[in-house]
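S.K.: Just a sequence and a predicted model for now, questions to come.
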Amino acid sequence: METERLFLRPIEAGDLESLAEIFSDPDVMHYLPAGAPISRDRVNVALARWLEHWKKHGHGFWAALHKPERQMIGYCGLVHLEDGPEVELAYGFRKPYWGQGLATEAGRACLWYGFQKLGMKRIVGITAPGNHASQRVLAKLGLQYEKEAFFYKMNCRYFSIEQGHPLKTIPED
């Protein structure tokens, strides 16, 4: 897929080095389940799971390539929430690209793909309670806050979108 500033293509084995760089940044990892940078070996295990998800479900994470540099600056996609029936919109970007609307741009493309190409009826998003930036992205995309939940061994905020529903406000901490 292509957006105004990004090329999105299915993640591939050759993305290991870029993903290892992304997952080595403490700021990027702060709100993710690991909570801290992870080793290249753990990234390799995660990448293998991501590739298997594509084979099993026909969708998954895309590499987000910034058009000006044509380099991988993050990832985004639709994955099964803890391997259950719900599909989660998930994304992560290198810190120098934060605050530019790229997660929103990538997320919009993922939602379009899920609803228009895959025929999904509902997509969810989860964030750590303190990850206000990610909550703003989900709200901009039209996902509505539903509840506090527990996924990936962490407390989180749970959002969802079904076409035609109005936005709800994001609760304060």
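M.R.: Thanks, I have the structure now. Residues are numbered from 1 along each chain as shown.
S.K.: Kindly list the single helix or strand of the chain that scores lowest on mean pLDDT.
M.R.: When the helices and strands of the chain are compared on mean pLDDT, DSSP states H and E, helix 26-29 comes out lowest with a mean of 93.
S.K.: Which residues are in contact with the residue lying closest to His80 once chain neighbours are set aside?
M.R.: The spatially closest residue to His80, leaving aside those adjacent along the chain, is Val87, at 6.0 Å (C-beta to C-beta, 6 or more residues apart in numbering). All C-beta spots, glycine's among them, are computed from the backbone N, C-alpha and C. Applying C-beta atoms under 8 Å, 6 or more residues apart in numbering, we find Val87 in contact with Leu78, Val79, His80, Leu81, Gly114, Met120, Arg122, Ile123, Val124.
S.K.: tell me the secondary structure for Glu4?
M.R.: Taking DSSP: H, G, I helix; E, B strand; the rest coil as the rule, one finds Glu4 in the coil state.
S.K.: from what I can see it touches Leu102, true?
M.R.: No - using C-beta atoms under 8 Å, Glu4 is not in contact with Leu102, being 9.8 Å away.
S.K.: Those two: who's more crowded?
M.R.: Leu102 (23 against 9; other C-beta atoms under 10 Å).
S.K.: For the more buried one, give me its contacts.
M.R.: Counted by C-beta under 8 Å, 6+ apart, Leu102 has contacts Arg5, Leu6, Ala64, His66, Ile73, Gly74, Phe93.
S.K.: switch the cut-off to 10 Å
M.R.: Counting by C-beta atoms under 10 Å, 6 or more residues apart in numbering, Leu102 makes contact with 3-6, 64, 66, 73-74, 76, 91, 93-94, 137.
S.K.: What's the separation between it and Lys153?
M.R.: Look at Leu102 and Lys153: by C-beta to C-beta, to the nearest Å, they are 28 Å apart.
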